[in-house]
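Student: Kindly generate the corresponding structure for this input.
(one chain, ligands or ions: 1)
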Amino acid sequence: MTVRKRFGVSLEQEVFEELERMTKALGTDRSRLISIAAREYLTEKLHFARRHECEGVLIASYTAEVKNDVDKLLEESNLIVSRTHLHSRGGCCVEVLYLRGSSDSVWSLQAAVTRVSRACRYVPMCI
Ligand SMILES: [Zn+2]
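Tutor: This is a model prediction of the structure:
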């Protein structure tokens, strides 16, 4: 059985209302949902805290004006196992990349792509 700790949390009204909607939609309770969200956040933020052989999916969305910058970053990288480039209905370029390599290199590529992207997210598969 998992030991649970209780503490008070205050949320912005808008976040609280979203949380309420989500708990109802998922048929769970606030504590369980916040626990899941906190675990996912910590996993994502702590992933690069230790060096390791990493692999995962990088998703980035960016405007056509920076396509050459992104192409240069990706072409210079030796991390890419798979690359899919497509266009969103909103006219953005979207990259879906499967990366494999040292966590330091993955972190650097993610940071560089993030700097020129509208949105960038890395989802590790090496948990
Ligand atoms: Zn990793």
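Student: Show me where the chain has its strands.
Tutor: Assigned strands in the chain, in chain order: 53-62, 80-87, 93-102, 119-124 (criterion: DSSP state E).
Student: now the second one: how far from the chain's centre is it?
Tutor: Just to be clear, that refers to strand 80-87. 16 Å (Cα atoms, centre = their mean, to the nearest Å).
Student: helices or strands next to it in the packing?
Tutor: For strand 80-87, the helices and strands in contact under the criterion 3 or more Cβ pairs under 8 Å, 6 or more residues apart in numbering; DSSP states H and E are strand 93-102. Heads up, the C-betas are built off the backbone N, CA and C, glycines and all.
Student: what angle do the strand it packs on and strand 53-62 make?
Tutor: Between strand 93-102 and strand 53-62, the angle formed by their directions is 160 degrees, by axes from the mean of the first three to the mean of the last three Cα atoms, to 10 degrees.
Student: just how off-centre is strand 93-102 within its chain?
Tutor: Its chain's C-alpha centre lies 12 Å from the corresponding centre of strand 93-102 when counted by Cα atoms, centre = their mean.
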